[in-house]
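**Student:** here's my sequence, what's the structure:
(2 chains)
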Amino acid sequence: MEAQNQSRPAAATPTWAMLRTLGGIALLSGLLVALVYQVTLPIIAENQRVLTEKAVFRVLPQASLKRDFVLTKQGGLAPVGEGVDGEHVYGGYDAAGNLVGVAFTGVAVGYAGPIRVMFAYDPECRCLNGSKVLSSNETPGFGDKLDFDPEFLKNFEALDARLDAEGRALANPIVTVKHGTKNQPWEIDGISGATISSKAMGRAANAAAQRAVPAIERDLAWLKQQH
Amino acid sequence: MAELPNTQETLTPDTFLRGLWEENPVFVMLLGMCPVLAVTSTTMNALAMGLATTFVLVCSSLLVSLLRNWIPKQVRIASYIVIIATFVTIVDYSIQAISLELYAALGAFIQLIVANCVILGRAEAYASKQRLTTTFVNSLGMGAGFTLALLALGTVREILGNGTILGIHLFSPDFQPWVVMILPPGGFFVLGAWLLLFNWLRLRKERKQAEQIGVTAHAR
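**Tutor:** Coordinates of the predicted model:
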């Protein structure tokens, strides 16, 4: 039977045979993909949750409980729920239920595509005091200093993020300055050799803080009750 | 390289071993160079990429072999591509379910398995003509050969470029890693070095065989 197929004369293939084949394969393919999608969907969502939680507890090491909130269009915060969408911020609370800080993410384009960073905001000192790069394609050995270089990470120990008199924006935008020239608490000391990456880090921190900090400060009293 | 099989191959150990050595997809056939150079910066990435490719290769070859008498030759490439793309999508979701960090490290190269010529090449040159059992064994061998080649590159690049293997530090903290090795040029350097080694081994074997023939001819 096999041999017959090999020596079959090259007769014209009927159109319906091609349609049958392509249709059948497409149907089978669709079924398989839909099945795998359904099976993996909850697992992937859970992975995403665990990954976010890990990052939040990394930037807020004193926290033992995380609550998710959304930045509303009115410039405040609302609990995550049905029909609420917007950028997420994460409140971290310690075992006694005290708010220890709020984490949020910022994005900026670096040397090789977007850098996504999670920042922690401390309402006590009104400053950013932690960072963790969530994803980046920066050059290994240079760009990844953003997450490992102890000297650079010192910038995020008390990076000033005070609001202006109206409470709608930062009093002093966060900027990255040339390595060794930092002399204000809202400046980030750049990394020589990774200028573009460290400048992107400054833009990400500024953009994220400009959006999130006014909302956090507006609803701070409410936020403290949410543990 | 062996001639493309036009008749049914009988199952021999060679059906499997060919993919590992004689027809190794990377070191001999130089197929699928894009993931070979791009994702072998660490051992773990190389292993994951190799296993993912092997899965797609084996599954799609099996399905192509199963449907080989049913696919008209005018639409065969389109059919193969849809079959391959299906399994790549399955791998894509599975890796996300296994580890999002691994998924982020492999990036677009998971989706690009679709365009890996090892897989389409196997479907066209082998699976479309051979029985299910030989196809399974042969594609498994090819996948193993591809994985081994990726590991060969990944291990060397991780040791030289990062001073680690599977994330475990091998040297004292004073070790200054050779960063270029985990950057794209390092991929070319290490691949070149492996190709040099493989060609040298092949030439030495051929020379020895020639000498052997010469010796026997002389003795006669």
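
**Student:** low-confidence regions, chain A specifically.
**Tutor:** Counting by pLDDT under 70, chain A contains low-confidence ranges at A:1-11.

**Student:** where do the strands sit along it?
**Tutor:** Counting by DSSP state E, chain A has strands at residues A:65-71, A:77-79, A:88-93, A:99-110, A:113-122, A:127-135, A:159-160, A:175-177, A:187-189.

**Student:** chain B now?
**Tutor:** B:164-165, B:168-169.

**Student:** Throw those into TSV and include distance to B:Ile71, mean pLDDT and mean neighbour count, thanks.
**Tutor:** Where C-beta positions appear, they are placed from N, C-alpha and C, glycine not excepted. What follows is the strands of chain B, written out as TSV (distance: least, Cβ to Cβ, whole Å; pLDDT from 0 to 100; neighbours: other Cβ atoms under 10 Å in any protein chain shown):
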stretch	distance to B:Ile71	mean pLDDT	mean neighbour count
strand B:164-165	44	86	16
strand B:168-169	47	84	10
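
**Student:** who wins for proximity to chain A among those?
**Tutor:** The minimum distance between chain A and the strands of chain B falls on strand B:164-165, with 11.9 Å, by Cβ to the nearest Cβ.

**Student:** so which bits of chain B are right by chain A?
**Tutor:** By Cβ under 8 Å from any Cβ of the partner chain, the residues of chain B that approach chain A are B:6-8, B:41, B:67, B:69-75, B:78-79, B:82-83, B:85-86, B:89-90, B:93-94, B:96-97, B:99-101, B:104, B:107, B:161-162, B:177, B:179, B:182-183.

**Student:** tell me which stretches of the chain form helices.
**Tutor:** If you meant another chain, say so; for now it's chain A. A:2-6, A:15-59, A:145-148, A:150-153, A:195-218, A:220-224 (DSSP state H).

**Student:** sorry, should have said chain B
**Tutor:** Per DSSP H, chain B carries helices over the ranges B:13-20, B:33-38, B:43-66, B:76-98, B:100-106, B:117-122, B:132-162, B:184-219.

**Student:** residue ranges with poor pLDDT in chain B?
**Tutor:** For chain B, the stretches with pLDDT under 70 are B:1-6, B:219-220.

**Student:** who's in contact with the residue minimising distance to the centre of it?
**Tutor:** Geometric centre of chain B, nearest residue: B:Phe146, 1.7 Å, by Cα atoms, centre = their mean. Neighbouring residues of B:Phe146 by Cβ atoms under 8 Å, 6 or more residues apart in numbering or on different chains: B:Gly19, B:Asn24, B:Pro25, B:Val26, B:Gly32, B:Gly50, B:Thr53, B:Thr54, B:Leu57, B:Val118.

**Student:** what about the third one, how many residues nearby?
**Tutor:** Yep, that's B:Pro25 we're talking about. 28 (other Cβ atoms under 10 Å in any protein chain shown).

**Student:** so it sits against B:Leu31, correct?
**Tutor:** Yes - counting by Cβ atoms under 8 Å, B:Leu31 is a contact partner of B:Pro25 at 4.8 Å.

**Student:** overlap in contacts of these two?
**Tutor:** Residues within reach of B:Pro25 and of B:Leu31 at once, by Cβ under 8 Å, 6+ apart, are B:Val118.

**Student:** fine by me, we can end here.
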